[in-house]
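Chemist: Fold the following for me, if possible:
(2 chains)
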Amino acid sequence: MIHFVLLISRQGKVRLTKWYSPYSQKERTKVIRELSGLILTRGPKLCNFVEWRGYKVVYKRYASLYFCMCSDQDDNELEILEIIHHFVEILDRYFGSVCELDLIFNFHKAYYILDELLIAGELQESSKKTVARLIAAQDALVEAAKEQASSLSTIIAQATK
Amino acid sequence: MAGGPSLMDSLFQRSLEDLIKGLRLHNLAAGTAAGTPESSTFLSKSIDEVRREIKSTDQQTKTTALQKLTYLHSLYAIDMSWAAFHAIELSSSTIFNSKRTGYLAASISFNSSTDVILLLTHQLRKDLNSGNPHEVSLALQTLSSICTPDLARDLTPELFTLLNSNKGFIKKKAIATVLRVFELYPDSVRVCFKRLVENLENADVGIVSAIVGVFCELANKEPRSYLPLAPEFYRILVDSRNNWVLIKVLKIFAKLVPLEPRLGKRVVEPICEHLRRTGAKSLAFECIRTIVCSLTQHELAVKLAAEKIREFLTEDDPNLKYLGLQALAAIAPKSLNAVVENKEVVIKSLSDEDVNIKFEALRLVMAMVSEDNVAEICRVLINYALKSDPEFCNEILGSILSTCSRNYYETIVDFDWYVSLLGEMARVPHCQKGEEIENQLVDIGMRVRDVRPEVVHVGRDLLIDPALLGNPFIHRILSAAAWVSGEYVEFCKNPFELMEALLQPRTNLLPPSVRAVYIQSAFKVLTFAAYFYFYPEEALAASISGVGESVHNGWCEQSSDSVSGQTVTFSEPDEGFNPRMLHQPQKDASGNDGKKMISDLEQVSSCSVKMGHFTKDCLVGMVNLVESTLRPMAGSHEVEIQDRVKNVLGLIELIRQEIHGCLVPKEEENDRGELKACEIVRVMHDAFSEELGPVSLSAQGRVPLPDGLELKENLSDLEAICGDFRIPVLSSFSLEKPRSLEKDVVTVSDQQNEEECEPSSESTSLLTEHRKRHGIYYLPSEKKEKVPNDYPPANDLSMQDKVNDEVDYLVKLTEKSLVPKKKPIAKPRPVVVKLDDGDRIHINETLPELKEDLISDAVQEVLLGSQAVASSSRTDKSDKSSNRRSRKETFRPLESNADSTTVEIAELGNKNSRRIKHRTHGKERSHRSSKKATGESDRSDRPNSSHPHGKHKSRQRADGMENVAAESPVIPDFLL
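Modeler: Residues are numbered from 1 along each chain as shown, chains lettered A, B, ... in the order given. Next up is the predicted model:
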């Protein structure tokens, strides 16, 4: 299974973290520090796997973002790599050529997408279309519910700017 | 607080976007890290805002506040446990966005220690039953990430319902969530397992994928339970064209096949088919891995896998290369050919730019090592080590050292070569493996008699190079070099050169502990030289004829007579030595040493006979050199150094008188008898030429405690010992040679007691004092090399014997029961080997049990439950087996699992039948056809199928009967 998902920028900033195994806050910080030290220093033409504390961390760099997933030793690295790619494609489809800023300002949406993709550290949905459809449906729900609630506050917020 | 401010808050609330922008702005302005003061003030200000806003009654405001907090928590690691209640509150909101935010916050921040988590139960249940599939999906996602045993227990019924949901994506999520629930609340297995199994036949690929994923995880932990489901998996393997599914199924088979060989025959063909057909590397790799891990008996498959690995290796993609190397490493133990065929690629990969690939290649290269190629491989590796960066260089050296020393140097035939390799390694610029090399040098010196000349030669080369002294990483190696050169000085071609090397000025760069070893070695060399000077013929005779025994025994008595008087007159340190030497019954072992060197010795000694003056000059020169170098160090603050320097100076004092005194009447002395100093020299030389041998880790434990020896008191009561000193002497000796030599010892010590009670008791007290100070170093129980290195005086004389005798004693002890291992050249030390082996085995036996302890009860329960369904036994899989079971019958299953199983079944078949309930569908379908079912299996089988599933047994009962349930149906499983 996948133990956690990390998105780290090239500068070592964390963009998204999702933990499927229990880690305390302290451990999380340590893991992030260790892994960003390990991964960010690796050159461009090297393999996408690093061994780390008996686990395998599969990472792939897309533009300025490193997508890292930590899996068990005997998991299939290439499969994890495909999951990462899958995730990126879905993000890309959802945001329309996704960039780091999209993920920064819509971190919650990235979480929702990831939740559709992976559950309990297992790949959930291998169809990009389905994920897109589900997310769209949820967004529609949100919009519908939001409409009357938010209209007033947005107007006022705009007026006060 | 409720009205006004909250309205204001909601009006002027910072949105998430504002927060993020603010953070970015402050980060940019303040520099880089999030920890800069400005950004941290902004952070804390934002958190304060959130704290205020989150109390708002307005849902929207609250939602935004929680969202901001979630953001800060997940990216800036801000604590949000205090907001747990607010998250729960929002999750009950009717507005979907608020609900979603609440659940997201919960799933990210809750953990098992969140106390309000129980408040969420009701809401989750409500949402799991909701008519809106998206709400259900949210609840499932949340449950999968924050599930606790309580939640799992309370929500199992809802999950059970959802497993039959008509919405595909809900079903999939429910399936994945079930895995978590199983882990935390094993009883749920009884409820849900059947539905899981049913879903294996679902037409929807996505659902099959999810379900196979779950089984893959479950089988990872306890494969045997799922053997009965093999037909279902087989069908998927053959039918499915979905790579995600196939990979998972292959993983399951990789676990199942080792348990049931017949399964291998069935699946090998489809797997090979997939391997040939597929274009997807991930699937191909999974096929390869399955074959090399689990299907190694099928030669064709292995061959095919090897071919594919070759393809991987020749690809440019570093990922494939890396995986190819890994697969090779997996295949190496079974089919070395595959590795050897790809040798070139592997060796080339050693210089790959990717560290991971290099490491993998190194591992692989080490796996190829055998007696025939070890020299060649090491040569190649050392060349790589010279070229590569420090980290990898040391990795290479480390793996060479560990591979070559594996199992007491079993791969090494030519020790001369290996020792010179060690010397070479010491000179590799980045070498940081000093400690390991040190240990091996000393270890080989002690274990392998024939290689000693070479060890001394290598040691000399290292010592003589002043450049090496500047490198702190090498100091440990130099220490070993000094020790071997001193210990085996008789093989040294030129003791004078050696002495100069040992005393060269740059030795002041060494740490005191190493320096002490140097001085001690100088001491040995000096003794040796003096011995040759005084007794040229004897030295010659001893070394040529290899006798020793009679001569030395004779000497022993003489020396105890003659030296006794002298000890009083000598300086303190000498006194410390002599009495101890006197106690030692000499048992010469040096006689047989290296015949190669004899000719040299002959020359030297014949020289000395003929040209007495020349040798005298040499000796005097040496003595002067030693004295002038060491004299200033007599005041050293380091006790270790000071102690040894004093010893050496004492000896010099002695020799000097002798040299001058015997200048003229040397001939006569030789005829008539020895002067006393010569005696000392002789005795010391004899003592030094005692062999040190390796000692088993458990050696001390095997020595029976002699009567009257109070180990616990640490001999603190000095008065008593001095007053009644015969007992300690006796006991300390019987400790060393409890069997054969006790009598001799008694006589020797008796003699002494009678003749010179005074000095002896004094020296005994010195001895005991030393023992008191360095108590732990007497009778070494840890690393044997440590002893000679760090505390030579403590053991040079007495320890030497002690160690030696102990080994002898242990040899005798274990002679009958243990078979010595054969080694080509190595001096057989079967006792040590075996004893250590014994220890290791012992540890191995206990470890799995510890591991089992770690396997959570929950998992056991899952397995138990599913096992009841799957009805398989874990008998021969002892390390995976349950705690309770292994305790009950640790050894039986290993030897004859079938027997034990049948017995179990015979005994408890009736009870089993009631426990085993779920294994209905797949089982009946697929296994009924089995013909070979034995009586027992039938018996346990029938009741199973007849029982309806879903009965809840009490936990205690389950525990009580786990073994039984687990094991009974082993035979039907075998008839897939």
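
Chemist: Report the contact partners of B:P429.
Modeler: Taking Cβ atoms under 8 Å, 6 or more residues apart in numbering or on different chains, we find B:P429 in contact with B:L386. Every residue, glycine included, has its C-beta placed from N, CA and C.

Chemist: Just the pLDDT at it, thanks.
Modeler: B:P429 is assigned a pLDDT of 79 by the prediction.

Chemist: And B:G22, by the same measure?
Modeler: With respect to pLDDT, B:G22 scores 79.

Chemist: and it, how many neighbours?
Modeler: B:G22: 16 surrounding residues under other Cβ atoms under 10 Å in any protein chain shown.

Chemist: Pretty sure it sits against B:L43.
Modeler: No - under the criterion of Cβ atoms under 8 Å, B:G22 makes no contact with B:L43, lying 9.5 Å away.

Chemist: Please identify every residue contacting each of the two.
Modeler: Once Cβ under 8 Å, 6+ apart is applied, it turns out that B:G22 and B:L43 contact no residue in common.

Chemist: Residue 109 - how many residues pack around it?
Modeler: Using chain A. 17.

Chemist: right idea, wrong chain: chain B
Modeler: Applying the criterion other Cβ under 10 Å, we find 23 residues in the vicinity of B:S109.

Chemist: Local confidence estimate at the nearest residue to it once chain neighbours are set aside?
Modeler: With Cβ to Cβ, 6 or more residues apart in numbering or on different chains as the measure, B:M80 is the residue that lies nearest to B:S109, at 4.9 Å, once sequence neighbours are left out. Per-residue pLDDT puts B:M80 at 81.

Chemist: Kindly report the residues of the stretch 151-300 of chain B close to chain A.
Modeler: Contact residues, the stretch 151-300 of chain B versus chain A (Cβ under 8 Å from any Cβ of the partner chain): B:169, B:172-173, B:176-177, B:179-180, B:205-206, B:209-210, B:213-214, B:217, B:220, B:242, B:244, B:247, B:251, B:281-282, B:285-286, B:289.

Chemist: ok, of the residues you listed, which come out buried?
Modeler: Restricting these to buried positions leaves B:169, B:172-173, B:176-177, B:179-180, B:206, B:209-210, B:213-214, B:217, B:220, B:242, B:244, B:247, B:251, B:281-282, B:285-286, B:289, with burial counted as 16 or more other Cβ atoms under 10 Å in any protein chain shown.

Chemist: Among those residues, which lie within strands?
Modeler: Using DSSP state E, no member of these sits in strands.

Chemist: Tell me which residues of stretch A:113-130 come out buried.
Modeler: Neighbour counts using 16+ other Cβ under 10 Å place A:113-126, A:128, A:130 of stretch A:113-130 among the buried residues.

Chemist: Same check on stretch B:636-652?
Modeler: So stretch B:636-652, judged by 16+ other Cβ under 10 Å, has buried residues B:636, B:640-652.

Chemist: okay, these in JSON lines with pLDDT and secondary structure next?
Modeler: As requested, the buried residues of stretch B:636-652 are exported to JSON lines (pLDDT from 0 to 100; DSSP: H, G, I helix; E, B strand; the rest coil):
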{"residue": "B:S636", "pLDDT": "77", "secondary structure": "coil"}
{"residue": "B:E640", "pLDDT": "81", "secondary structure": "helix"}
{"residue": "B:I641", "pLDDT": "83", "secondary structure": "helix"}
{"residue": "B:Q642", "pLDDT": "83", "secondary structure": "helix"}
{"residue": "B:D643", "pLDDT": "82", "secondary structure": "helix"}
{"residue": "B:R644", "pLDDT": "83", "secondary structure": "helix"}
{"residue": "B:V645", "pLDDT": "85", "secondary structure": "helix"}
{"residue": "B:K646", "pLDDT": "83", "secondary structure": "helix"}
{"residue": "B:N647", "pLDDT": "82", "secondary structure": "helix"}
{"residue": "B:V648", "pLDDT": "83", "secondary structure": "helix"}
{"residue": "B:L649", "pLDDT": "85", "secondary structure": "helix"}
{"residue": "B:G650", "pLDDT": "83", "secondary structure": "helix"}
{"residue": "B:L651", "pLDDT": "81", "secondary structure": "helix"}
{"residue": "B:I652", "pLDDT": "81", "secondary structure": "helix"}
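
Chemist: These: which two are farthest apart?
Modeler: Checking the buried residues of stretch B:636-652 against each other with Cβ to Cβ, the farthest-apart pair comes out as B:E640 and B:I652, at 19.1 Å.

Chemist: which residues of the chain fall in strands?
Modeler: As the question left the chain open, I've gone with chain A. Taking DSSP E as the criterion, chain A carries its strands at A:2-9, A:14-19, A:49-52, A:55-62, A:65-71, A:118-119, A:122-123.

Chemist: Local confidence estimate at B:R829?
Modeler: 30.

Chemist: Likewise for the one 5 residues further on?
Modeler: B:K834 is assigned a predicted lDDT (pLDDT) of 31.

Chemist: and if you look at the one 10 residues further on?
Modeler: Looking at B:N844, its pLDDT reads 37.

Chemist: Contact partners for residue 73?
Modeler: This is for chain A. Taking Cβ under 8 Å, 6+ apart as the definition, contacts of A:Q73 comprise A:G54, A:Y55, A:K56.

Chemist: The chain in question should be chain B.
Modeler: Taking Cβ under 8 Å, 6+ apart as the contact definition, B:H73 lies against B:D79, B:M80, B:A105, B:I108, B:S109.

Chemist: again with B:F42
Modeler: B:G22, B:L23, B:H26.

Chemist: any idea which of these is the one closest to chain A?
Modeler: The shortest distance between chain A and any of the contacts of B:F42, using Cβ to the nearest Cβ, involves B:L23 and amounts to 9.5 Å.
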